[in-house]
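J.: Okay, predicted coordinates and the sequence, questions at the end:
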Amino acid sequence: MRGWTLLALVVGIRSADAQTLLWLEEPPNALSSELYAVSADGTIAVGVVQIGARTYAARWTESSGVALLGTLGGQSSYALAVSADGQIVAGWSYDLSGHRRAFRWTPVTGMQSMGTLYGHRASEAYAISADGTLIAGLLTHGNTWEPFCWYTNGSVWLLNTSPYWDFTPRALSADGQVVAGFGRDATGRVRALCKTPEGMWNLGTLGGSESCAHAISPDGQIVVGSATLPNGRARAFRWRNGVMENLGVPDGFIESIAYGVSADGNAVVGEAVRMEGNQYASYAALWTLEEGMGDLNQRFASLLSDGSVLLMARAISADGSTIVGTGRRPTGKVEGFILRLASECQLEGDANRDRVVDDADLLEVLFNFGQTGFASADLNRDGVVDDADLLIVLFNFGNRC
């Protein structure tokens, strides 16, 4: 199928403190849209647009709107992951034979099939490294799905997740060395897991029977997802330093799930569930270190005066400035949204985001010097903490909001 591009209008609603909500305006025949992933600086997002019976992988940029990425010849395609700079997209598409194939898309090559291993019938890609060279997903052999990694030289290999099985990759650290997801233990219980060069990490539970990991920080040290409590209710968690933290629920809600995390781990997004009558209803949620877990619709009510509702937050940019997900417009139409959290005060060199450039920011850079993976100290977002970041702090030393 020939790929084609649609320049979409973006409706923006700006609040007094420069927070902005953008909605994707699809063509009149589009039924819905969703956004699943966002670049490190929040300027590019990927997801899907549904037109008739077909669903197309889509890529959004603020400057050019929405580009539909086409398919591998089949009916539908899904964009599920994007590189840190937004230039490489991964997901899956049906091919001419009706089989699912993991794909890698770039502006130069377009959508290319990543193929399968011998004997495997289909493949799907779910996660991508910061530079886009490594992609993780699933291969199917009969009724069995097996986790794989794909490298830009075309090599594909299955992941050894022993002693766990049925592992589903959901996210990669920036360097691709840590794969976060979920699988089953010897008892058949689902567990949040990480595949590392040293072996498998079992992230544990919150006292209940199951847990799932959905996202990981670029440095591979913080994982978020959901886990059940002893009463069976789901709670969003943040795992770091070997400890799984219960992130709670907003007031009036009974469950929460985390789908995305910022590079510093201080902002987590997902959804929260509450009872409305005798039915469950889900709404986009945001947890921050300062404010805890909250309903995005309540926190940003001023941006939703037209009656729109934020249903699910799928991802947050590494720098913590942008949330993407899915909402419902007053017409009832489901559309992707981009929520900009940046305030009027954005200081160059403020690594710890305390609204002043001082010794603490200098130490943040020095302690992380040489680190890769979009750490908070990587102030110019070039993938490594180095002299350039140190100079940014020094040139802005003493500035404050």
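T.: Looks like it came in fine.

J.: all contacts plus neighbour counts: C-alpha atoms, from now on.
T.: OK.

J.: Could you break this structure into its assigned domains?
T.: Listed by automatic domain parsing, the domain ranges of the chain are 9-344, 347-401.

J.: okay if I get the ones you listed as JSON lines plus mean neighbour count and mean pLDDT?
T.: Converted to JSON lines, the domains of the chain look like this (neighbours: other C-alpha atoms under 10 Å; pLDDT from 0 to 100):
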{"stretch": "domain 9-344", "mean neighbour count": "21", "mean pLDDT": "92"}
{"stretch": "domain 347-401", "mean neighbour count": "19", "mean pLDDT": "83"}
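
J.: what bridges to residue 22?
T.: Beta-bridge pairing of residue 22 under DSSP bridges involves residue 12, residue 338.

J.: Relative to residue 168, how far out is it?
T.: Separation of residue 22 from residue 168 (C-alpha to C-alpha, to the nearest Å): 32 Å.

J.: next one: residue 199
T.: Look at residue 199 and residue 168: by C-alpha to C-alpha, they are 16 Å apart.

J.: Kindly report the same for residue 246.
T.: Relative to residue 168, residue 246 is positioned 23 Å away (C-alpha to C-alpha).

J.: what about stretch 267-287, distance to the chain center?
T.: 18 Å (C-alpha atoms, centre = their mean, to the nearest Å).

J.: Any idea how far apart the tips of it sit?
T.: 6 Å.

J.: hmm, who's touching it?
T.: Contacts to stretch 267-287, defined as C-alpha atoms under 8 Å, 6 or more residues apart in numbering, come from residues 224, 247, 249-250, 252-262, 266, 288-289, 292-297, 309-316, 320, 323.

J.: now swap in stretch 197-211 and tell me
T.: Stretch 197-211 is contacted from outside by 161-162, 177-178, 182, 189-195, 225-232, 239, 242-246, using C-alpha under 8 Å, 6+ apart.

J.: rerun at 7 Å
T.: 161, 177, 189-195, 226-230, 232, 244 (C-alpha atoms under 7 Å, 6 or more residues apart in numbering).

J.: What is the nearest of those residues to residue 110?
T.: Ranked by distance to residue 110 (C-alpha to C-alpha), the contacts of stretch 197-211 are led by residue 177 at 26.3 Å.

J.: On the three-state scheme, the closest one is what?
T.: At residue 177 the chain is in coil, as set by DSSP: H, G, I helix; E, B strand; the rest coil.

J.: contacting residues around the closest residue to it other than its chain neighbours?
T.: Leaving aside its sequence neighbours, residue 177 sits nearest to residue 196 (C-alpha to C-alpha, 6 or more residues apart in numbering; 6.1 Å). Neighbouring residues of residue 196 by C-alpha under 7 Å, 6+ apart: 177, 178, 179.

J.: ok, now how distant is the second one from residue 263?
T.: Applying C-alpha to C-alpha, the value for residue 178 to residue 263 is 15 Å.

J.: now swap in the first one and tell me
T.: Using C-alpha to C-alpha, one gets 16 Å for the distance from residue 177 to residue 263.

J.: And residue 77, by the same measure?
T.: According to C-alpha to C-alpha, residue 77 stands 28 Å off from residue 263.

J.: now residue 194
T.: In terms of C-alpha to C-alpha, residue 194 sits 17 Å off from residue 263.

J.: again, but for residue 325
T.: Residue 325 is 18 Å from residue 263, by C-alpha to C-alpha.

J.: Kindly report the same for residue 176.
T.: The value you get for residue 176 to residue 263, if C-alpha to C-alpha is used, is 15 Å.
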